[in-house]
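> Turn this into a structure:
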Amino acid sequence: MKNKLYIFAIASIGLFTSCNDFLTEDLKGDYTSANYYTSAESATMAVTGIYNSLYGNTLWVFGDVASDDAVKGGNAGDQADINFINDFTATSANGFINTYWKSTYETIARANNAIINITPMAIDETLRNRLVGEAKFLRAFSYFNLVNIYGKVPLKLEPQLTSATINVGLSEVSVIYAQIEKDLTEAVAVLPPTYDTEIGRVTKGAAYGLLAKVKLYQQKYTECLTTIQALENLNQYDLLKNYADLFKAGSEDSVEVLFGIRYVNSTVSSQGNILCVWFAPYTEGGYYFNAPTQSYVDAFVDKTIDGADDPRLDASIGREGKPWFNNTVFSSSWSEATGYLVKKYDEDTRAGVAKDQSTIPYNYLRYADILLMKAEALNEVGGADAISKATTAVDRVRSRAGLAPTTAATQDAMRTVIRNERRKELGFEFHRFFDLMRWGKATAETALGTDLKWTEPRFYFPLPQSELDTNKALK
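Below is the predicted model of the structure:
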């Protein structure tokens, strides 16, 4: 059996220690950067530690709850800070604003340490370059999410060892994007297309895919298409036949997944995918947050060629009277907020498995997303055959769902089809809010209402109070 790289829950320990404690406490243990990075094994372990920091995944609060796809859910009084994000009144003191910031900068700090210390190491050149490439990908992924949630953020690229590297001012969004592109371009050059062992580390295809997404978000449509073509030239990715199979343990190794977070196959509590706990019904010991909206359900207007419901709906959410797991039927009473719950991250593979031991992955970037990005970029670039080429890409996604080919014949009509397909195909994979933001004020306000305090070029959440209090370079 091939060795696999897993995300371990233990990595989340200590992520939320206060900055002051970090600066005043003596270093515990025998290792420093000077004596740790001494071998290929230690360098590899350092990069593995960057992956481990991704465990505490709260991107859903911004990607889903802040969008029109979901509301907070759960008990009415539980985790009230999520409601403030949902209605765009969150302040700098908001707990989730602070938590996401700290955990993401922890990932960045680990990446910076690895990049600086591994680069000069006298180890196998191919391995050294690959490890640095992995770290740059993970740093780029972190900054991509930060810049889309907060806008201007401190661009920290060095280990935080001095006042100058700790107290860093805000960088313009364009500068942050430029660094993200630089990191991903350098990662593409050194990452392998596949791994014989340690499956789960980022690949060349993952770097191409994220770079294409970064280009799309900046409306660099021609560059996005060039990047997607380079990705497709690898001849590695395709759609799985069955959409629902993407949300089962093992799907992270499928031909469709470019990048995701995987979890340890263990009977030790708290080493599994915590999303299962957040989203599952109370009948299974879950907290039933991230409740899908009626608006999301109503987006599934198209029937299949056979006249059935789009299968992506019931693969994505639980709704009244429809099959759930373990031969049960979903009850709308399980979701006080909307009558619906997210299904994609529930555990259905091991009898008696605890929710916090789930090995269901979070697949952030799939080939279906790439196809829809390709269709969007083609349609926005325009030209004589743009509609035809965009149709080919979007119909591959629709065909898997059993839907008839699109009949869109104009740029506006195709734009509507592509945006609707993104919502249905990628629902509860934490992309919707960011799509609405990049599509502009009119689209965002139509979906979210005018309570959204849009300030050009788009709405951003406030910087966390913890950073404002401790970063002396921020005014």
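
> Check which helix or strand residue 71 maps to.
strand 70-73 (DSSP states H and E).

> Note down every partner strand of that strand and its orientation.
strand 289-292 (antiparallel) (DSSP bridges).

> which residues are in contact with whichever helix or strand comes after the strand it pairs with?
Helices and strands here follow DSSP H and E; after strand 289-292, the next one along the chain is helix 294-298. With Cβ atoms under 8 Å, 6 or more residues apart in numbering as the contact definition, helix 294-298 has outside contacts at 68, 69, 70, 313, 317, 319, 338, 340, 423, 427, 447. Quick note: C-beta positions are derived from backbone N, CA and C, even for glycine.

> these two touch, right, the fifth one and residue 345?
No. Under the contact definition of Cβ atoms under 8 Å, residue 317 does not touch residue 345, with a separation of 11.3 Å.

> just to revisit the earlier point, so which of the contacts of helix 294-298 are in strands?
70, 317 (DSSP state E).

> Closest to residue 466 out of the contacts of helix 294-298?
Using Cβ to Cβ, residue 70 is the member of those that lies nearest residue 466, at 26.2 Å.

> Now that closest one: closest residue in space that isn't a chain neighbour?
residue 64 (4.3 Å; Cβ to Cβ, 6 or more residues apart in numbering).

> What residues sit buried inside stretch 298-317?
By 16 or more other Cβ atoms under 10 Å, the buried positions in stretch 298-317 come out as 299, 300, 302, 310, 311, 312, 313, 314, 315, 316, 317.

> Switch the residues you listed over to TSV; also include distance to residue 165 and pLDDT.
Shown next, in TSV, are the buried residues of stretch 298-317 (distance: Cβ to Cβ, whole Å; pLDDT from 0 to 100):
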residue	distance to residue 165	pLDDT
299	46	98
300	49	98
302	52	97
310	50	98
311	50	98
312	46	98
313	48	98
314	50	98
315	46	97
316	43	98
317	45	98
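
> Surely residue 113 and residue 43 touch.
No. Contact between residue 113 and residue 43 fails when scored by Cβ under 8 Å: they sit 11.0 Å apart.

> Please report how far residue 93 lies from residue 146.
Between residue 93 and residue 146 the computed distance is 19 Å (Cβ to Cβ, to the nearest Å).

> and residue 63, what does it touch?
By Cβ under 8 Å, 6+ apart, the neighbours of residue 63 are 429, 430, 431, 432, 433, 434.

> Who wins on neighbours among those residues?
Neighbour counts for these (other Cβ atoms under 10 Å) peak at residue 433, which has 27 neighbours.

> Model confidence score at it, please.
Listed pLDDT for residue 433 reads 98.

> What separation do you get for it and residue 222?
26 Å.

> what's the burial count for residue 81?
The burial count for residue 81: 18, using other Cβ under 10 Å.

> what bits of the stretch 101-250 of the chain have low per-residue confidence?
Confidence mapping of the stretch 101-250 of the chain against pLDDT under 70 gives zero matching residues.

> residue boundaries of the helices in it?
In chain order, the stretch 101-250 of the chain shows helices spanning 125-150, 163-166, 173-190, 204-217, 221-232, with DSSP state H, counting those that start in this stretch as the criterion.

> Could you dump those into CSV and include distance to residue 77?
Formatted as CSV, the helices of the stretch 101-250 of the chain follow (distance: least, Cβ to Cβ, whole Å):
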stretch, distance to residue 77
helix 125-150, 25
helix 163-166, 37
helix 173-190, 36
helix 204-217, 36
helix 221-232, 44
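
> Figure out which of those is closest to residue 323.
Comparing these under Cβ to Cβ, the one sitting nearest is helix 204-217, at 32.3 Å.

> wait, what's in contact with the nearest residue to residue 42 once chain neighbours are set aside?
Leaving aside its sequence neighbours, residue 42 sits nearest to residue 36 (Cβ to Cβ, 6+ apart; 5.7 Å). With contact taken as Cβ under 8 Å, 6+ apart, residue 36 is in contact with 42, 46, 117.

> Tell me how far residue 287 lies from residue 314.
For residue 287, the distance to residue 314 - Cβ to Cβ - is 22 Å.

> Neighbours of the residue nearest to residue 249 when sequence neighbours are not counted, how many?
Excluding its sequence neighbours, the residue lying closest to residue 249 (Cβ to Cβ, 6+ apart) is residue 359, at 4.2 Å. Residues lying near residue 359 (other Cβ under 10 Å) number 22.

> and residue 359, which of the three is it?
coil (DSSP: H, G, I helix; E, B strand; the rest coil).

> Now do the strands in the protein.
With DSSP E as the criterion, the chain has strands at 70-73, 153-154, 170-171, 257-261, 289-292, 317-318, 341-342, 362-366.

> JSON lines please, covering these and showing distance to residue 325.
Putting the strands of the chain into JSON lines (distance: least, Cβ to Cβ, whole Å) gives the following:
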{"stretch": "strand 70-73", "distance to residue 325": "18"}
{"stretch": "strand 153-154", "distance to residue 325": "39"}
{"stretch": "strand 170-171", "distance to residue 325": "45"}
{"stretch": "strand 257-261", "distance to residue 325": "21"}
{"stretch": "strand 289-292", "distance to residue 325": "17"}
{"stretch": "strand 317-318", "distance to residue 325": "9"}
{"stretch": "strand 341-342", "distance to residue 325": "11"}
{"stretch": "strand 362-366", "distance to residue 325": "18"}
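
> closest to residue 388 out of those strands?
Once the strands of the chain are compared by Cβ to Cβ, strand 362-366 is nearest, at 24.0 Å.

> Dump the C-alpha coordinates for that closest one into PDB.
Output in PDB follows, covering the C-alpha atoms of strand 362-366 (Å, rounded to 0.1, in the frame of the first residue of the first chain):
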ATOM      1  CA  TYR A 362     -12.500  18.600   2.200                       C
ATOM      2  CA  ASN A 363     -11.800  18.800  -1.500                       C
ATOM      3  CA  TYR A 364     -11.100  22.500  -2.100                       C
ATOM      4  CA  LEU A 365     -10.200  22.400  -5.800                       C
ATOM      5  CA  ARG A 366     -11.800  19.900  -8.300                       C
END
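
> That one to strand 257-261, inter-axis angle?
150 degrees (axes from the mean of the first three to the mean of the last three Cα atoms, to 10 degrees).
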